[in-house]
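Student: Below is the structure, and that's it, no one-letter string:
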């Protein structure tokens, strides 16, 4: 009887030790899995306009649309409510794109004010600004950069171009040219151009709608930093 009790006790102890080892291994596996998931969450970071050209382009588009809305509210007319509703829908879509691109949702910038960080110049070379555009062709006589510019002249010297977020056939909006004006926009970084008519008012010299912007954009970019804008009609 004594031997049976001793053997039974030893078996129970062995089972308890084995169960504890299994439970401990499971806890270790869970802890390892939990710790492994922490770095990815910690490394996820929301980008700002200063971190990414994509985020900067989206922030600029949002800012230009918000500027247009502010102008309509400051000096409303019979069509202001419809224009504001349209631009608010555009802003909502831009925010969706900001979230999908990992950008700060709702970040706003006006035109080219949100310049990217300056890049270090190679050793032995003169320091230059990465955002400095090439020397622009002198405008034709009488060109004031607005609606009175002569046909064929360069306008909006130094302006960047982004998208309005509006759908429809290729078109542009502007705060300097009346509806019906024909503008040619060339992206000097890829030499692609589009010729469009101004169909509405915006908060900057030229905003291209989605279809027009797709004709001249570089993949993954929402801002044309080096643009040649010409009034052709």
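Tutor: Right, received. Where do you want to start? This structure is a prediction, so every number in the text was calculated from the model and none was measured.
Student: Show me what the biggest strand by length in the chain is in contact with.
Tutor: In the chain, taking DSSP state E as the definition, the longest strand is strand 192-201. Defining contact as Cβ atoms under 8 Å, 6 or more residues apart in numbering, one finds that strand 192-201 is touched by 68, 83, 170-175, 177-187, 208, 212, 215-217, 232. Just so you know, the C-beta spots here come from the backbone N, C-alpha and C atoms, and that holds for glycine as well.
Student: Can you tell me the strand partners of whatever helix or strand comes next after it and which way each runs?
Tutor: Downstream of strand 192-201, the first helix or strand assigned by DSSP states H and E is strand 207-208. Note on strand 207-208: by DSSP bridges, its sheet partners are strand 161-163 (parallel), strand 172-174 (antiparallel).
Student: Of all those strands, which one is nearest residue 222?
Tutor: strand 161-163 (6.1 Å; Cβ to Cβ).
Student: can you list contacts of the closest one?
Tutor: 57, 60-61, 64, 185, 187, 206-210, 213, 217, 222-224, 227, 229.
Student: again, 6 Å this time
Tutor: 57, 60, 61, 185, 206, 208, 210, 213, 223, 224, 227 (Cβ atoms under 6 Å, 6 or more residues apart in numbering).
Student: Near residue 85, how many other residues are there?
Tutor: Residues contacting residue 85 under the criterion other Cβ atoms under 10 Å number 11.
Student: Give the other helices and strands that the strand or helix carrying it contacts.
Tutor: Using DSSP H and E, the element containing residue 85 is helix 80-100. The elements that helix 80-100 packs onto, with contact taken as 3 or more Cβ pairs under 6 Å, 6 or more residues apart in numbering; DSSP states H and E, are helix 53-74.
Student: what's the angle from the helix it packs on to strand 192-201?
Tutor: 20 degrees (axes from the mean of the first three to the mean of the last three Cα atoms, to 10 degrees).
Student: in helix 53-74, what counts as buried?
Tutor: Neighbour-count burial for helix 53-74, counted by 16 or more other Cβ atoms under 10 Å, picks out 54-69, 71-72.
Student: Which residues outside stretch 64-73 are in contact with it?
Tutor: 80, 83, 84, 87, 90, 91, 108, 202, 203, 204.
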